[in-house]
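> A structural model of the following input is requested.
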Amino acid sequence: MLQSELTYTQETCAHDAEIEEINALAFGPGRFVRAAARIREGGAHDRDLSFVALHGGRLIGSIRMTPIAIGTTPALLLGPLVVRDGWKSRGIGRILMNQSMEASAKAGHRLSLLVGDAPYYNAFGFVKVDANKVIMPAPVNPERLLACILPGAETLSGPALNELAGQVKHLNQL
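Got it, this is the predicted structure:
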């Protein structure tokens, strides 16, 4: 498989069923009780900032961005990022990450938050934030609560990552 055989595009509602399928395969039914899922239940994700990878019309990867606030600070919740088994370790997740983060910064967003594996996400500028200050709606492993200033958004005003504090909620829940 060559990267040229893949198509990356903005997510549409036509992708919903396949995205749900690969999320179910990757994360199982337990995904619905996790902190990030509880936030996503509060409202829609932003399709303009969410992308898919396709091979021959079949969805093989997806990333979503959901508008949130950390206290009073606007941000985006990144995830889930998922790639089908058999397609992992080919750079698909990296390309989806870069597309989504770039589109988010261009749209005027400054911060992104996620719950994930630090060794993977550190490469994109994500660092651990204080789980005693950034309060998720359910318990999370504090080593996995990560945030970053989006590339290209460094000049936008707002708190430093170590100053983030408050309840994390979907923007619809404010």
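> so how far does stretch 117-129 reach from one end to the other?
13 Å (Cα to Cα, to the nearest Å).
> residues in contact with that stretch?
93-94, 97-98, 101, 112-114, 116, 142-149, 151, 161-162, 164 (Cβ atoms under 8 Å, 6 or more residues apart in numbering). C-betas here are computed from N, CA, C, even on glycine.
> quick check: buried residues in that stretch?
Neighbour-count burial for stretch 117-129, with 16 or more other Cβ atoms under 10 Å as criterion, is recorded at 121, 124, 125, 126, 128, 129.
> go on, stretch 150-159?
Applying 16+ other Cβ under 10 Å to stretch 150-159 flags 150, 153 as buried.
> element containing the residue nearest in space to the middle of the chain, please.
Centroid check for the chain by Cα atoms, centre = their mean gives residue 78 as the closest residue, at 1.4 Å. For residue 78, the host element (DSSP states H and E) is strand 73-83.
> and the next helix or strand after that strand, what does it pack against?
Moving toward the C-terminus from strand 73-83, the next helix or strand (DSSP H and E) is helix 92-106. Using 3 or more Cβ pairs under 8 Å, 6 or more residues apart in numbering; DSSP states H and E, the elements in contact with helix 92-106 are strand 6-10, strand 51-55, strand 58-70, strand 73-83.
> burial of residue 55, as a residue count?
15 (other Cβ atoms under 10 Å).
> which pLDDT value goes with the closest residue to it other than its chain neighbours?
Leaving aside its chain neighbours, residue 55 sits nearest to residue 6 (5.6 Å; criterion: Cβ to Cβ, 6 or more residues apart in numbering). pLDDT, residue 6: 95.
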